[in-house]
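# Return atomic coordinates for the entry below.
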Amino acid sequence: MSGRFAVDLLHPGRVAVTWQEWFIGTQGRRRLAFFVLGGAGLLLLVLAGGILPTYWRLSADLDAIPRLQKDLGATEADLGLLRTNLQALATEARRQVRWADLMTAFSQQTPRALKVQVIQSTRTTPTPAAGQQPGDVRPEATLRIEALTPLRPGSPPLLEVAQFMAGLMRDPAVNKRFQLKSWEIKPPAGGATDGLQLLNITVLLSERPS
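Modelled structure (predicted):
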């Protein structure tokens, strides 16, 4: 009968121990325990090095979410205010352009003898008709023009007023937005001014429906 054995050349006089005998010999339990503890420690180091930084980073990100949401809400509020201001500025700019066009039309179409006193733009909401809800009534925009002209014999004042209204209605800046609603000629309430009899002319234009 023959068996295998190993000779430990590094340690003369000792029998070489194979890796199987390393764990089953008299010191096997202790060595196995050390091996298990070492493996567990190595595993913990790997876990600590790979998971803990990620866990800390995720925790920091989760803690930052409420602050980011608050900052986002404040930014959205600022953007909403800025958007409202821009819309108001755009509306005002369009209104200024329309008024400039109207003033140009008045300066071109007003006869010399006609002195424009008041140009007033108003927006009113008519009284709802029977069966109508208040929200169904569309606000009405009107343009009121008051002017004075000297009273002269014959028909020149009437012709000048007719030419003035016809010129306004032909002007694109006025015609595309307004239509003639009413007009009136009468003496002013104060009577003559410096011995000169005047006629008070009132022209009312209404905004065309869009």
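# Centre-most residue in this protein?
residue 83 (3.0 Å; CA atoms, centre = their mean).
# what's the burial count for residue 161?
19 (other CB atoms under 10 Å). All C-beta spots, glycine's among them, are computed from the backbone N, C-alpha and C.
# Which residue is the nearest non-sequential neighbour of it?
In space, and not counting its chain neighbours, residue 161 is closest to residue 201: 5.6 Å by CB to CB, 6 or more residues apart in numbering.
# which SS state does the one you found fall under?
strand (DSSP: H, G, I helix; E, B strand; the rest coil).
# Just grab the bridge partners of it for me.
Residue 201 has these beta-bridge partners by DSSP bridges: residue 147, residue 185.
# all helices of this protein, in order?
Using DSSP state H, the helices of the chain run over 19-24, 28-50, 52-109, 156-170, 172-175.
# This structure - how does it break down into domains?
19-50, 110-127+139-207 (automatic domain parsing).
# End to end on the longest one, go ahead and measure it.
I take that to be domain 110-127+139-207. 20 Å (CA to CA, to the nearest Å).
# how distant is that domain from the center of its chain?
Domain 110-127+139-207 sits 41 Å away from the centroid of its parent chain (CA atoms, centre = their mean, to the nearest Å).
# Next: stretch 55-68.
30 Å.
# Just the mean pLDDT for it, thanks.
Per-residue pLDDT over stretch 55-68 has a mean of 84.
# Which of the helices of the chain comes out lowest on mean pLDDT?
Looking at the helices of the chain, the bottom one is helix 19-24 with a mean of 60.
# just checking, the residue nearest to residue 161 touches residue 184?
Yes - contact criterion CB atoms under 8 Å: residue 201 and residue 184 qualify, at 7.4 Å.
# Comparing the two, which shows the higher neighbour count?
Higher neighbour count among residue 201 and residue 184: residue 201, with 24 against 10, using other CB under 10 Å.
# which residues touch that one?
For residue 201, the contact set (CB atoms under 8 Å, 6 or more residues apart in numbering) comprises 114, 145, 146, 147, 148, 149, 161, 183, 184, 185.
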